[in-house]
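*Asks:* sequence plus predicted model, see below.
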Amino acid sequence: MRPTVFIPNFNGADRIGRSLGGLRRQTREVDVVVVDNGSVDDSAEMIRTKFPEVELIVMSENRGFGPALNAGVAATPDADPLILLNDDADPEPAFIAALLDATGDDIAMVAGVMTQERSPALIDSAGVVADRTLMGFDYLHGEPVASAETAADPLGPTGGAGLYRRAAFDAVEGFDDRIFLYYEDLDLALRLAAGGGRCRLAPEARALHSYSTSLGAASGAKYARTGWSRGYMLRRYGVMNDPRIALRALACEGTICIGQLLRDHTLRGLSGRLRGYYDGGGSEPRDPGAAPLLEISARQALALRRLRRGD
């Protein structure tokens, strides 16, 4: 078994070189697998030429973040643990070592710390957390990097910088292939936590992150993707079955969609939510079970959401 980093790539020729270069400088040896999601730029050729040590898996089309990673993991049976890294993240030299040092027999997941490219002293995301409506938030977003040293553990890692024990990942069949992009890491964390899987925060596992380089932080395309995933999660986990939680979810989602309409003149977030909710029907219901969820008000949830424009 070998620790293996999996990087999903889509038209990332202008950014993935930095991620791969950062992995070359690690203090612990690690294998690297790039899953190219049907890129139409010269990503694949650049990787073959400049990073011949990297295993490259080329998909015929863009299948999405989680599905690409599932394919990469399935094609690499000896990989364990599984380490995920965005193609727009530059890991510090101790990134891998810190993730590995945080593992333990009772730990299913380890969350790394992504720092903001424009303000490296601030955290972009130190994992994912969620409230009772399963609205997801980037843990410690906007906080000083030093705050991670004493912070509690999150629900799970962000998909852009985290580690999963292979046995735990395989036990829940990895990422949900129906989620193309966004919320796939929260869904995986919920399923792992529901089965008793714990996450540990690794404060020294840091990577500099360029936020939303693929779709843009406040683009209609991103609103459509996040909206679909949000609607799908609401339906799949039966959030709307509890009248009190349903009212809160409707109030929050309505506020977000109105904000997108007024600020960015688009209803793609709303239409995405409706499509996702419809598509979530007919599937086996999921239960977050014992997953640790935030006990916060709707006002607090929206305030956290506003910290990250574009969701």
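*Replies:* Cool, the structure landed. Residues are numbered from 1 along each chain as shown.

*Asks:* what residues sit buried inside stretch 22-32?
*Replies:* Gly22, Leu23, Gln26, Val30, Asp31, Val32 (16 or more other CB atoms under 10 Å). To be clear about C-beta, it is placed using only N, CA and C from the backbone, and glycine gets the same treatment.

*Asks:* partner strands of the top strand by length along the chain and their direction?
*Replies:* Longest strand of the chain, by residue count under DSSP state E: strand 198-209. According to DSSP bridges, strand 198-209 forms sheet pairs with strand 89-91 (antiparallel), strand 107-116 (parallel).

*Asks:* give me the mean pLDDT for that strand.
*Replies:* Average pLDDT, strand 198-209: 98.

*Asks:* what residues of the helix or strand following that strand count as buried?
*Replies:* Where DSSP states H and E defines the elements, the next helix or strand beyond strand 198-209 is helix 220-236. Under the neighbour-count criterion of 16+ other CB under 10 Å, helix 220-236 has 220, 222-236 buried.

*Asks:* quick one: the next helix or strand after helix 220-236 to chain centroid distance?
*Replies:* Using DSSP H and E, the helix or strand that follows helix 220-236 in sequence is helix 243-264. Here the centre of helix 243-264 is set off from its chain's centre by 22 Å, with CA atoms, centre = their mean, to the nearest Å.

*Asks:* so what does helix 243-264 touch, helix or strand wise?
*Replies:* Judged by 3 or more CB pairs under 8 Å, 6 or more residues apart in numbering; DSSP states H and E, helix 243-264 is in contact with helix 220-236, helix 268-279, helix 298-306.

*Asks:* contacting residues around it?
*Replies:* 132-133, 135, 218, 220, 223, 227, 230, 234, 239-240, 266-270, 273, 298, 301-302, 305, 311 (CB atoms under 8 Å, 6 or more residues apart in numbering).

*Asks:* so what are the domain limits for this protein?
*Replies:* Following automatic domain parsing, the chain resolves into domains at 2-209, 220-306.

*Asks:* returning to that earlier point: in ChimeraX, select just the buried ones from the contacts of helix 243-264.
*Replies:* Selecting only the buried entries of the contacts of helix 243-264 in ChimeraX, with 16+ other CB under 10 Å as the criterion:
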select :132,133,135,220,223,227,230,234,239,266,267,268,269,270,273,298,301,302,305,311
